[in-house]
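Participant: no sequence on this one, just coordinates:
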Ligand SMILES: NC(=O)c1ccc[n+]([C@@H]2O[C@H](COP(=O)([O-])OP(=O)(O)OC[C@H]3O[C@@H](n4cnc5c(N)ncnc54)[C@H](O)[C@@H]3O)[C@@H](O)[C@H]2O)c1
Ligand SMILES: O=C(O)[C@H](O)[C@@H](O)[C@H](O)[C@H](O)CO
């Protein structure tokens, strides 16, 4: 299952898992938005079941897990991807901005994991991949609620790993660096910003479609059977700090 799969990284994760042999349950706030992606997955020879899910709505979370289990009998893999951002200087962040980002990225991630984790525990098997970010381990100006939510996802991952490990359920956090999507496309429209970003990334480019495939398949499969509670950064190295340490490089 991949949440928030109507576009962006959610589709990249879904595509990677389908290519590796998974049938997919995909979720979105609007079920109809999933139709083109479900068709694409079917052309890869896998089944795809679309389910409506708003991760900010308790009633929606309460309902969707049973629908998901009914679709394929059980869910082996959950990629907790749905998320959002409010990019503003900290002094301008409103109460509503904070609630939007934390409710979606942190509360949503927890209660979706709980709803599906319950079923995984019954089967004594599960792979939960919570999507974090380089902001799970670094602070960025202008992203206070987002960084707080992603730091929380990293900590939540460790806690759930300890709770559910005894039941055969692993819980890890896949933390992407900077990938151009709907969420951040306005940043990429500014060439100066792109040059600045590239300069700070040791591998000298933002993430491309495909860069997350190996990591999501690893964390979703038995290749990572003895890995739990970890945060795997797939970020071209930007989380190393990338601050210039010698004057002649400036
Ligand atoms: N793009 C990046 O560089 C990057 C880096 C690190 C982490 N992330 C995270 O990866 C995830 C995917 O982001 P993206 O870049 O593809 O952005 P995106 O905005 O294209 O996709 C976000 C997805 O989450 C869904 N969503 C938002 N609020 C929701 C809600 N309340 N209920 C259900 N679904 C909801 C959206 O509909 C969309 O499908 C997000 O959690 C994002 O924060 C993105
Ligand atoms: O909206 C944004 O500011 C970006 O999409 C961020 O989400 C970053 O890309 C990412 O989280 C860094 O890892």
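Facilitator: It's in. All values derive from a computational prediction rather than experimental measurement. Ligands and ions are numbered 1, 2, ... in the order given.
Participant: going forward, measure contacts between C-alpha atoms and count neighbours the same way
Facilitator: Noted.
Participant: Distance from the chain centre to the longest helix seen in the chain, please.
Facilitator: Criterion DSSP state H: the longest helix present in the chain is helix 144-164. Chain-centre distance of helix 144-164: 12 Å, with CA atoms, centre = their mean, to the nearest Å.
Participant: got the contact list for the residue minimising distance to the centre of the chain?
Facilitator: In the chain, the centroid-proximal residue (CA atoms, centre = their mean) is residue 131; its distance is 2.5 Å. Residues near residue 131 by CA atoms under 8 Å, 6 or more residues apart in numbering: 79, 80, 81, 153, 173, 174, 175, 176.
Participant: try 6 Å
Facilitator: 80, 81, 173, 174, 175 (CA atoms under 6 Å, 6 or more residues apart in numbering).
Participant: mind listing what's buried in the longest helix of the chain?
Facilitator: By neighbour count on 16 or more other CA atoms under 10 Å, the buried set for helix 144-164 is 144-158, 160-161, 164.
Participant: Export the contacts of residue 131 to JSON lines and append columns for secondary structure, pLDDT and neighbour count.
Facilitator: Shown next, in JSON lines, are the contacts of residue 131 (DSSP: H, G, I helix; E, B strand; the rest coil; pLDDT from 0 to 100; neighbours: other CA atoms under 10 Å):
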{"residue": "80", "secondary structure": "strand", "pLDDT": "98", "neighbour count": "25"}
{"residue": "81", "secondary structure": "coil", "pLDDT": "98", "neighbour count": "25"}
{"residue": "173", "secondary structure": "strand", "pLDDT": "99", "neighbour count": "29"}
{"residue": "174", "secondary structure": "strand", "pLDDT": "98", "neighbour count": "26"}
{"residue": "175", "secondary structure": "strand", "pLDDT": "98", "neighbour count": "25"}
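Participant: Take these and lay them out in JSON lines including distance to residue 185.
Facilitator: Formatted as JSON lines, those follow (distance: CA to CA, whole Å):
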{"residue": "80", "distance to residue 185": "22"}
{"residue": "81", "distance to residue 185": "18"}
{"residue": "173", "distance to residue 185": "24"}
{"residue": "174", "distance to residue 185": "21"}
{"residue": "175", "distance to residue 185": "19"}
